[in-house]
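A.B. asks: Sequence first, predicted coordinates after that:
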Amino acid sequence: AVYSAVLIDAINQQTGTALYTAMQRNWLRTAKKFERLRPLVPLQMPENKIRKSFWLIVNHPNFQNLITCVILFNIVIMATERYDQPEYWTNIMTVLNWLLLIIY
């Protein structure tokens, strides 16, 4: 039993997939192929000044984080809706929903 454990461990250290099923190995190969995928044509910055400014904003590294925070905020706001809620909260939610819709 010790010999087989040492043998399996040695094989597993070489490939990392000795104990995987055929489907698991296939999934791992597919996942590695997807990691290497890149766009066929690189994105080019537009020539138009207005489009270029929007392109720079949208491709900024912090833009995705901002949109994610806006989505999470919207989820929290929607989660606070309840039966028989006060009228002022309904009004606040309506305004926030319109504001978030404009941001989207």
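C.D. replies: Arrived safely. Numbers count the residues shown, from 1 in each chain.

A.B. asks: what residues does the biggest helix by length in the chain touch?
C.D. replies: Longest helix of the chain, by residue count under DSSP state H: helix 61-79. Outside helix 61-79, the residues within contact range by CB atoms under 8 Å, 6 or more residues apart in numbering are 57, 93, 96-97, 100, 103-104. All C-beta spots, glycine's among them, are computed from the backbone N, C-alpha and C.

A.B. asks: one more time with 6 Å
C.D. replies: 96, 100, 103 (CB atoms under 6 Å, 6 or more residues apart in numbering).

A.B. asks: Count the neighbours of the nearest residue in space to Ile103 that is not next to it in sequence for me.
C.D. replies: Nearest non-adjacent residue to Ile103, counting by CB to CB, 6 or more residues apart in numbering: Val70, 5.6 Å away. Val70 has 14 neighbours, counted by other CB atoms under 10 Å.

A.B. asks: try Asp9
C.D. replies: Around Asp9 there are 10 residues (other CB under 10 Å).

A.B. asks: Is it in a helix, a strand, or coil?
C.D. replies: With DSSP: H, G, I helix; E, B strand; the rest coil as the basis, Asp9 sits in helix.

A.B. asks: What of the one 10 residues further on?
C.D. replies: Three-state assignment for Leu19 (three-state DSSP): coil.

A.B. asks: what separates it from Ala5, distance-wise?
C.D. replies: Distance from Leu19 to Ala5, counting by CB to CB, to the nearest Å: 12 Å.
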